[in-house]
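Let me see the structure of the following:
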Amino acid sequence: MAKNSNVFLKTSYNFHAGEKTPCGHWSATEMDDFLKQVKRTTIPDDACVISLFASMNKTAWTAYEHKYYSEELEIYIHPFQKKCAIRDKKNCPRCIANGKCTDEFVINLIGKKLFADKYEKQK
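Numbering: from 1, shown residues only. Next up is the predicted model:
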């Protein structure tokens, strides 16, 4: 049985709507490695995004014999109006998930990591 998604992608255009695109299941180590990469990343001037934010939320609950522990990674991107190729910016996560993003920076940082099967044939 496949694990529920614990990695999600959102844009600033649908941030408050609560819409998030599920991107699969990562271990805590994979999440931490991605956060470190984001921290070291500088967004190039020609990228279609003007900001990128990632946060890892940890939840723990223990009561009597019940135990619950989960981790969730949320990645927020803000597409730049004039440089992004899609018309409706709130569809950006869906576009990335479907392998239709054309921005090299976003493809390399997000697309190839979260949706490798969609971007494996791209250079």
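
Longest helix in the protein, please.
Across the chain, the longest stretch assigned as helix under DSSP state H is helix 28-40.

Show residues contacting that helix.
Helix 28-40 is contacted by residues 7, 26, 52, 54, 56, 71, 73, 75, 109, 113 when judged by Cβ atoms under 8 Å, 6 or more residues apart in numbering. Every C-beta, even on glycine, is put in place using the N, C-alpha and C of the backbone.

Mind doing that once more with 10 Å?
Residues from elsewhere that reach helix 28-40 (Cβ atoms under 10 Å, 6 or more residues apart in numbering): 6-7, 24, 26-27, 52-58, 69-73, 75, 109-110, 113-114.

With stretch 116-123 instead?
Everything outside stretch 116-123 that qualifies as a contact, by Cβ under 10 Å, 6+ apart, is 24, 96-102, 104, 107-108, 110-113.

List the ones among these that fall in helices.
96-97, 104, 112-113.

Same list, those residues, but as JSON lines with neighbour count, distance to residue 19 and pLDDT please.
Conversion of the ones in helices among the contacts of stretch 116-123 to JSON lines gives the following (neighbours: other Cβ atoms under 10 Å; distance: Cβ to Cβ, whole Å; pLDDT from 0 to 100):
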{"residue": "96", "neighbour count": "26", "distance to residue 19": "14", "pLDDT": "90"}
{"residue": "97", "neighbour count": "19", "distance to residue 19": "12", "pLDDT": "89"}
{"residue": "104", "neighbour count": "15", "distance to residue 19": "26", "pLDDT": "91"}
{"residue": "112", "neighbour count": "15", "distance to residue 19": "23", "pLDDT": "93"}
{"residue": "113", "neighbour count": "19", "distance to residue 19": "21", "pLDDT": "91"}
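
which one of the residues you listed sits closest to residue 47?
For those, the closest approach to residue 47 (Cβ to Cβ) belongs to residue 104, at 7.9 Å.
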